[in-house]
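# Build me a model from this:
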Amino acid sequence: MSHDLTASGPQRALPALAAATSESRFARLTLTITALVFVALFLLLPLAAVFTEALRKGPAEFVAALGDTETFSAIRLTLTVAAIAVPLNLVFGVAAAWAIAKFEFKGKAFLTTLIDLPFSVSPVISGLVFVLLFGSHSLIGPWLQSHGIQILFAVPGLVLATVFVTFPFVARELIPLMQEQGSSDEEAALSLGASGWQTFWFVTLPNIKWGLLYGVLLCNARAMGEFGAVSVVSGHIRGETNTMPLQVEILYNEYNFVAAFAVAALLALLALITLILKTALEIRYSAEIAASRRH
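I've put the predicted structure just below:
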């Protein structure tokens, strides 16, 4: 009798569990419609408004706005800063993730906390930190000026501010991935006589390539769209230190709405390209994982 009761317990529990974890058709439909309405109102509608306003006076005005000297300089500067900041964060992210995931050392938890610091600090505050470090009234400011080294209100300041606000992205994508993979593959390679560089290039890098590309993609998107930190350190010098987000603000404040929305549309287009690439990477990574499990 007790055996029958024990066996029937799980059988009776299965329908109850299924009922508890499944939703009615009405609930699923309500949640789906709510999500779609939210996405349409707060994402798709503003995005459509940006492109509509940018093209309000026709494609010719749109192209002319982007071809303006100051706007073109802002586009070039944005791409330059991103081209410098992203590789620096790539190197730091891989090194930090490798150290945290593969080794045990004192200060490991502190290093992990520091990586998350830009997520908790306002970008404006981070910009002010660089002003305090390199400004004319700082400890090293007079020395920099006497040697002709310009950090603030120049490209180096923009790069430093961008690196600060974007450096968690690559590391944060790689740390959980490398922790999950463990170090058995690297240990096997080293036991077979591979050097440290060979182990990294032929073992570690192929294992983390999709997470690395994903982190670089997010880092690049944030680098091109950063406003707060670069606004503090740029000085808003027209044609020299204004990035694309800063140029949008200037044009909008001057009531040049078509040009402002044209630059904003270009930023939105870059964001959409980033989203498409992100989705493609996720699909490719999922397909590779599925194929490895089949084999």
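
# can you count the residues close to Leu221?
That one is not Leu; residue 221 is Ala. 22 (other C-beta atoms under 10 Å). In this view, the C-beta of every residue, glycine as well, is placed from N, C-alpha and C.

# any idea how far it is from Thr113?
To Thr113, Ala221 is 24 Å away according to C-beta to C-beta, to the nearest Å.

# Tell me how many other residues crowd Lys278.
The number of residues packed near Lys278 is 15, by other C-beta under 10 Å.

# isn't it right up against Leu217?
Yes: the criterion here is C-beta atoms under 8 Å, and Lys278 meets it with Leu217 at 5.7 Å.

# show me where the stretch 1-150 of the chain has helices.
Per DSSP state H, counting those that start in this stretch, the stretch 1-150 of the chain carries helices over the ranges 2-21, 25-39, 45-54, 59-66, 69-102, 108-115, 117-120, 123-134, 141-146.

# Out of those, the one nearest Met244 is which?
Of all the helices of the stretch 1-150 of the chain, the one in closest proximity to Met244, counting by C-beta to C-beta, is helix 69-102 (4.5 Å).

# Counting by contacts, list what that closest one packs against.
When contacts are defined as 3 or more C-beta pairs under 8 Å, 6 or more residues apart in numbering; DSSP states H and E, helix 69-102 sits against helix 59-66, helix 108-115, helix 155-166, helix 168-181, helix 205-225, helix 244-253, helix 257-294.

# For stretch 174-186, buried residues please.
Across stretch 174-186, burial judged by 16 or more other C-beta atoms under 10 Å covers Leu174, Ile175, Leu177, Met178, Gln181, Glu186.

# would CSV of those residues with distance to Ala109 be doable?
Below are the buried residues of stretch 174-186 laid out as CSV (distance: C-beta to C-beta, whole Å):
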residue, distance to Ala109
Leu174, 17
Ile175, 12
Leu177, 19
Met178, 17
Gln181, 21
Glu186, 22
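
# Report the two of the residues you listed separated the most.
Across those (C-beta to C-beta), the longest gap, 15.7 Å, separates Ile175 and Glu186.

# Lys106: neighbour count?
Lys106 - counted by other C-beta under 10 Å - has 7 other residues nearby.

# among the helices of the stretch 1-150 of the chain, which is nearest Phe261?
The closest of the helices of the stretch 1-150 of the chain to Phe261 is helix 45-54. By C-beta to C-beta, the value is 4.0 Å.

# Distance from the chain centre to the closest one, please.
On the basis of C-alpha atoms, centre = their mean, to the nearest Å, helix 45-54 sits 23 Å off its chain's mean C-alpha point.

# ditto for stretch 279-295
Computed by C-alpha atoms, centre = their mean, the chain-centroid distance of stretch 279-295 equals 22 Å.

# List of residues touching that stretch?
Stretch 279-295 has contacts (C-beta atoms under 8 Å, 6 or more residues apart in numbering) with Trp210, Leu213, Tyr214, Leu217.

# Could you export those residues as CSV, including neighbour count?
Putting the contacts of stretch 279-295 into CSV (neighbours: other C-beta atoms under 10 Å) gives the following:
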residue, neighbour count
Trp210, 18
Leu213, 18
Tyr214, 21
Leu217, 21
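
# can you list the residues that contact stretch 55-74?
When contacts are defined by C-beta under 8 Å, 6+ apart, stretch 55-74 is touched by residues 54, 75, 238-240, 242-244, 246-247, 251, 258-259, 261-263, 265-266.

# Stretch 179-187 now?
Ile100, Ala101, Lys102, Thr199, Val203, Thr204, Asn207, Ile208.

# Please name the residues that touch the closest residue to the second one other than its chain neighbours.
Nearest-residue entry for Ala101: Met178, 3.5 Å, with adjacent residues in sequence omitted and distances by C-beta to C-beta, 6 or more residues apart in numbering. The contact partners of Met178, by C-beta under 8 Å, 6+ apart, come to Ala97, Trp98, Ile100, Ala101, Lys102, Thr204, Asn207, Ile208.
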